[in-house]
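A.B. asks: Sharing a model that was predicted from the sequence below.
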Amino acid sequence: GAGVSQSPSNKVTEKGKDVELRCDPISGHTALYWYRQRLGQGLEFLIYFQGNSAPDKSGLPSDRFSAERTGESVSTLTIQRTQQEDSAVYLCASSFYSGNEQFFGPGTRLTVL
Amino acid sequence: AQKVTQAQTEISVVEKEDVTLDCVYETRDTTYYLFWYKQPPSGELVFLIRRNSFDEQNEISGRYSWNFQKSTSSFNFTITASQVVDSAVYFCALSEDGSARQLTFGSGTQLTVLP
């Protein structure tokens, strides 16, 4: 595809439910990143993958958050037992290699009721 | 710890005016990268520029220019002859350790260009 794609674009869920957010990086990009953007704020780094390895998970806010990546393609961010404070836009980015310019997807807007 | 400060929360200008968005950063590393991203109302972040800490040359790209000053830890962004389409949130970001992996973003500046 031409750019990074994310699905769903919007997700409304009830507190306590699990959600899965998907990211398809630009073809050929080996590095993939997840960020969270709360309303009116900047982006918080969550995790990045180089290939399917995640050397840096330091940004994951709690053990309810996990992410995986299949090869050098799709990644899934899973939030278990969602809380209202998880409500945010979750942005995915990819780059040719870690350290290169990051290209962002349109984000998934998560609302936890 | 690294930190990026964008003190201007919101700026409004009239079309054709020049506008400068400020960015001040903190880092202990000597090797780091600085970035600017644009986030239009559609929400998708658009990469504008990346500079490494060893390159203090100012850069100009069309109506955009960047002023990097290590002495004041600033990386300011100027839009000349602003246009309505420039209306967006602009984020400055920093990556330490020279890897440009984990980006630390400022809180953003909402720029509104009025016709």
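C.D. replies: Thanks, I have the structure now.
A.B. asks: Who are the packing partners of the least confident helix or strand in chain A by mean pLDDT?
C.D. replies: Each helix and strand of chain A was given a mean pLDDT (mean pLDDT, DSSP states H and E); the minimum falls on strand A:53-56 at a mean of 81. If contacts are counted by 3 or more C-beta pairs under 8 Å, 6 or more residues apart in numbering or on different chains; DSSP states H and E, strand A:53-56 sits against strand A:43-50. Any C-beta I mention is one placed from the backbone N, CA and C, and that applies to glycine too.
A.B. asks: what sits up against the strand it packs on?
C.D. replies: The contact list for strand A:43-50, computed with C-beta atoms under 8 Å, 6 or more residues apart in numbering or on different chains, reads A:30-38, A:54-61, A:65, A:67, A:69, A:75, A:77, A:90-91, A:97-98, B:45, B:91, B:93, B:101-105.
A.B. asks: quick one: strands adjacent to that strand?
C.D. replies: When pairs are called by DSSP bridges, strand A:43-50 turns out to pair with strand A:31-37 (antiparallel), strand A:53-56 (antiparallel).
A.B. asks: Extract the C-alpha trace of the last one and format it as CSV.
C.D. replies: In this case it means strand A:53-56. These are the backbone C-alpha positions of strand A:53-56, laid out as CSV (Å, rounded to 0.1, in the frame of the first residue of the first chain):
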residue,chain,number,x,y,z
SER,A,53,11.7,-8.2,17.7
ALA,A,54,10.8,-5.6,20.2
PRO,A,55,14.0,-4.3,21.8
ASP,A,56,12.3,-1.4,23.6
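A.B. asks: any idea which helix or strand comes after the least confident helix or strand of chain A?
C.D. replies: strand A:65-69 (DSSP states H and E).
A.B. asks: Quick check: the gap between the nearest residue to residue A:2 once chain neighbours are set aside and residue A:103.
C.D. replies: Distances taken as C-beta to C-beta, 6 or more residues apart in numbering or on different chains put residue A:26 closest to residue A:2, at 7.9 Å, once the chain neighbours are dropped. Distance, residue A:26 to residue A:103, by C-beta to C-beta, to the nearest Å: 6 Å.
A.B. asks: What is the burial count for residue 78?
C.D. replies: Defaulting to chain A. Residue A:78 has 13 neighbours, counted by other C-beta atoms under 10 Å in any protein chain shown.
A.B. asks: Please refer instead to chain B.
C.D. replies: The number of residues packed near residue B:78 is 16, by other C-beta under 10 Å.
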